[in-house]
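> sequence and computational prediction follow.
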Amino acid sequence: MKGLILGATIGNCIHVAGLLSFLRLAESEGYETCFLGMRITPEKLAHEITNRKPVLVAISYRLTPDTITCLLEELKAALTPEILATTRFAFGGTPPAAEVAKSSGLFSRVFSGGENLDEVREFLRGAKQDTKSRVPAQTLVERIAERFPYPLIRHHFGRPTLEETVNGAREIALSGVLDVLSLGPDQNAQEHFFNPEQMDHAQDGAGGVPLRRPEDLDLIYQATRCGNYPLVRCYSGTRDLLHWAKMSLRKINIAWGAIPLCWYSQLDSRSRRPLLEALRENISVIRWYAQQGVPIEVNESHQWSLRNAPDTVAVATAFLAAYNAKQCGVRHYVSQYMFNTPPGTTAQMDLAKMLAKQELINSLEDENFTVFRQVRAGLAALSPRAGLAKGQMAASGVISLAMKPHIFHVVGYSEGDHATYAEELIESCEIAHGLIKLLLDGLPNLAADEIIQQRRAELISDARYLLERIRSLDPGNSDPLADPVVLTRAVEEGLLDAPGLCGNPHAKGQVTTAIVNGACRLIDRETGYALSERERLERIC
């Protein structure tokens with residue numbers, strides 16, 4: 001044991017929840033604790049301190065600050081100079097009461113309710129300085145290790161001007177509300193950064209910050225070197241992905257790369273690359289990141305769901321993404337689980353789909369391949385009405401916590417209406433912190449739901465069947481699931497398909513789906529009845 005911690009509320013304060021949480025956390029850090037009770041007088045507290053000789057005294061007071069000055073003066077007067085010199089005191093209360101406590105000179109640390117769990121743990125572990133002055137870990141793997149089971153908070157940001165983005169990035173870093181700031185360049189930058197003569201400048205700032213020079217990344221990154229020093233990452237670009245990767249690692253020490261398999265191609269018209277060319281280039285960039293030791297996210301699966309692909313395709317492509325990352329030598333893999341996609345998916349069916357993805361992806365883990373879970377709400381789930389969107393955002397977050405995420409990707413409540421301003425981003429992250437703090441411990445096991453488990457098992461079975469069919473496209477190939485030619489054929493022949501690809505000359509776009517009992521299922525166009533994945537694939541033959 002590290003020693004005894006005494007805890008008490010003083011004066012007329014009867015609010016003990018925060019203090020008891022502090023004492024439980026202290027026990028998890030190896031301390032012996034004793035809660036003396038509520039409304040303890042300064043004289044009695046001084047007596048207990050003198051007799052028990054604790055290493056720390058935790059005092060709570062959550063009433064108006066008018067009387068606390070006298071209470072603290074009485075306590076100091078009742079303690080010997082030796083005790084005051086050798087015993088640490090901590091205070092927890094409302095912000096006004098905390099200000100009075102700070103001015104008393106009694107406390108080693110004053111908590112006013114806005115601190116995160118890491119700050120409390122740091123104090124209990126004997127840190128002599130405010131954790132806000134300590135630079136947190138500057139790699140993804142180390143920062144997760146510092147925080148887990150509390151997830152890292154991520155949010156994307158990119159205002160229509162560079163100046164606004166730089167100023168906003170600084171404001172966000174100083175707030176300390178997030179761990180990972182994802183920069184969103186405008187579409188001109190994503191596609192034409194290295195070919196500026198091809199830009200349509202009437203579209204400058206559309207969809208993100210108009211990055212035009214490598215030095216622009218320098219300015220944004222340096223603006224974040226304050227506050228809690230968040231990790232920084234950037235969208236991959238939709239063309240010249242290797243150039244983007246090298247620049248991002250050099251300029252912002254990119255926390256992890258995010259590269260698709262099939263997308264940013266003629267499939268989604270975000271670049272003019274043919275599918276086969278895009279697959280080859282994307283895989284080569286994943287391999288380059290792996291060689292640099294940079295973690296990778298392959299943002300593939302949700303791209304299919306955004307186009308109303310059947311849930312089976314979403315699950316199978318989640319596995320394909322992780323499989324290809326592993327085959328490229330990726331050591332640390334960030335697996336993104338986008339909830340609420342397609343719109344209309346119910347919480348039960350959403351969680352079942354994510355659990356199915358997780359089971360297949362986790363089957364790849366070994367001593368050389370570690371998976372980090374990242375959860376997020378789907379953008380289409382957020383109303384343009386701010387109040388309603390805040391509730392939707394929080395509800396999605398509650399369900400996604402069942403995944404026990406390493407990274408909580410916050411999608412700001414304003415995104416259903418406009419690109420997030422810095423102050424809205426900060427508020428959105430605070431909402432996320434609120435729900436995580438309330439539910440991180442003791443959240444009921446939502447995954448145990450019988451309906452969820454039945455759907456999870458169904459999706460795993462169907463996804464494995466689909467993957468086998470993709471393998472059979474080239475039975476002589478030793479590794480068909482990592483072959484760009486095979487994956488291109490899987491799209492062209494309709495094994496991987498989505499209604500949102502209808503009319504696309506580079507895909508089939510022949511499947512029909514609908515939300516049935518909360519899940520995105522295949523539908524027979526003529527009868528309207530649901531189809532199994534096996535029935536669909538048999539019709540393709």
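Nice, I can see it.
> now do the SS call for the spatially most central residue of the chain.
Residue closest to the average C-alpha location in the chain (CA atoms, centre = their mean): F408, at 2.2 Å. Assigned with DSSP: H, G, I helix; E, B strand; the rest coil, F408 falls in the strand class.
> how much space separates it from L425?
Distance of F408 to L425, given as CB to CB, to the nearest Å: 14 Å. Yep, even glycine has a C-beta here, placed from its N, CA and C like the rest.
> and for A322?
Distance, A322 to L425, using CB to CB: 29 Å.
> touching, M247 and L217? I think so.
Yes: the criterion here is CB atoms under 8 Å, and M247 meets it with L217 at 6.9 Å.
> longest single helix anywhere in the protein?
Counting by DSSP state H, the longest helix found in the chain is helix 450-471.
> residues of the very next helix or strand once past that helix that come out buried?
Using DSSP states H and E, the helix or strand that follows helix 450-471 in sequence is helix 484-492. By neighbour count on 16 or more other CB atoms under 10 Å, the buried set for helix 484-492 is 484, 486-491.
> between those residues, which sits nearest P42?
Ranked by distance to P42 (CB to CB), these are led by L487 at 71.9 Å.
> pull the contacting residues for the closest one.
Going by CB atoms under 8 Å, 6 or more residues apart in numbering, L487 touches 261-262, 279, 320, 470, 481, 496.
> please tell me which one of the residues you listed counts the most neighbours.
L261 (28 neighbours; other CB atoms under 10 Å).
> surely that residue and E281 touch.
No: between L261 and E281 there is no contact, the gap being 10.7 Å when judged by CB under 8 Å.
> just the residues contacting the longest strand seen in the chain, thanks.
In the chain, with assignment by DSSP state E, the single longest strand is strand 32-40. With contact meaning CB under 8 Å, 6+ apart, strand 32-40 is reached by 1, 3-14, 16, 19-20, 23-24, 26-27, 44-45, 48, 52, 54.
> swap in 10 Å and give it another go.
Strand 32-40 has contacts (CB atoms under 10 Å, 6 or more residues apart in numbering) with 1-16, 19-20, 22-27, 44-49, 52, 54-60, 75.
> my guess is T165 meets Y221, correct?
No: applying CB atoms under 10 Å as the test, T165 and Y221 come out as separate, 11.3 Å apart.
> looking at the two, which is more packed in?
Neighbour count, other CB under 10 Å: between T165 and Y221, T165 has more, with 26 against 20.
> show me the shaky parts of the stretch 301-450 of the chain.
Within the stretch 301-450 of the chain, no range satisfies pLDDT under 70.
> let me know the closest of the contacts of L487 to P343.
L496 (21.3 Å).
> so N188 versus A245, what's the distance?
Distance, N188 to A245, using CB to CB: 19 Å.
> with L446 instead?
Distance of L446 to A245, computed by CB to CB: 37 Å.
> more neighbours, those two?
A245 (22 against 17).
> skipping its backbone neighbours, what lies nearest that one in space?
Nearest non-adjacent residue to A245, counting by CB to CB, 6 or more residues apart in numbering: V285, 5.5 Å away.
> which other helices and strands contact the helix or strand the one you found falls within?
Using DSSP H and E, V285 maps to helix 275-292. Contacts defined by 3 or more CB pairs under 10 Å, 6 or more residues apart in numbering; DSSP states H and E place helix 275-292 against helix 241-252, strand 257-258, strand 296-297, helix 311-327, helix 484-492.
> parallel or antiparallel, which strands does the following helix or strand past the longest one pair with?
On the C-terminal side of helix 311-327, the closest following helix or strand by DSSP H and E is strand 332-338. Taking DSSP bridges as the criterion, strand 332-338 forms sheet pairs with strand 296-297 (parallel), strand 370-376 (parallel).
> and the last one, how far from the chain's centre?
Spelled out, that is strand 370-376. 8 Å (CA atoms, centre = their mean, to the nearest Å).
> same question, the shortest one
Using CA atoms, centre = their mean, the mean C-alpha position of strand 296-297 is found 13 Å from that of the whole chain.
> I'd like the mean pLDDT over it, please.
Averaged across strand 296-297, pLDDT comes to 98.
> list the contacts of that strand.
So strand 296-297 is contacted by 233, 236, 256-260, 285-290, 321-322, 324-326, 328-336, 372, 374, 407 (CB under 10 Å, 6+ apart).
> again, only using 7 Å
With contacts defined as CB atoms under 7 Å, 6 or more residues apart in numbering, strand 296-297 is touched by 256-259, 286, 289-290, 325, 330, 333-334, 336.
> same question, stretch 42-54
With CB under 7 Å, 6+ apart as the criterion, stretch 42-54 contacts 3-6, 8, 10, 36, 57, 71, 74-75, 78-79, 83, 87.
> could you redo the last one with a cut-off of 10 Å?
Residues outside stretch 42-54 that contact it (CB under 10 Å, 6+ apart) are 3-11, 31-34, 36-37, 40-41, 57, 59, 70-80, 82-84, 86-89.
> if we can go back for a sec, could you dump the helices and strands packed on helix 275-292 to TSV with distance to H192?
Putting the helices and strands packed on helix 275-292 into TSV (distance: least, CB to CB, whole Å) gives the following:
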stretch	distance to H192
helix 241-252	12
strand 257-258	19
strand 296-297	24
helix 311-327	26
helix 484-492	24
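> which one of the ones you listed lies nearest to Q203?
When these are ranked by distance to Q203, counting by CB to CB, first place goes to helix 241-252 at 18.6 Å.
> and that closest one, what does it pack against?
Packed next to helix 241-252, using 3+ CB pairs under 10 Å, 6+ apart, are strand 180-183, helix 187-192, helix 214-223, strand 231-234, strand 257-258, helix 275-292.
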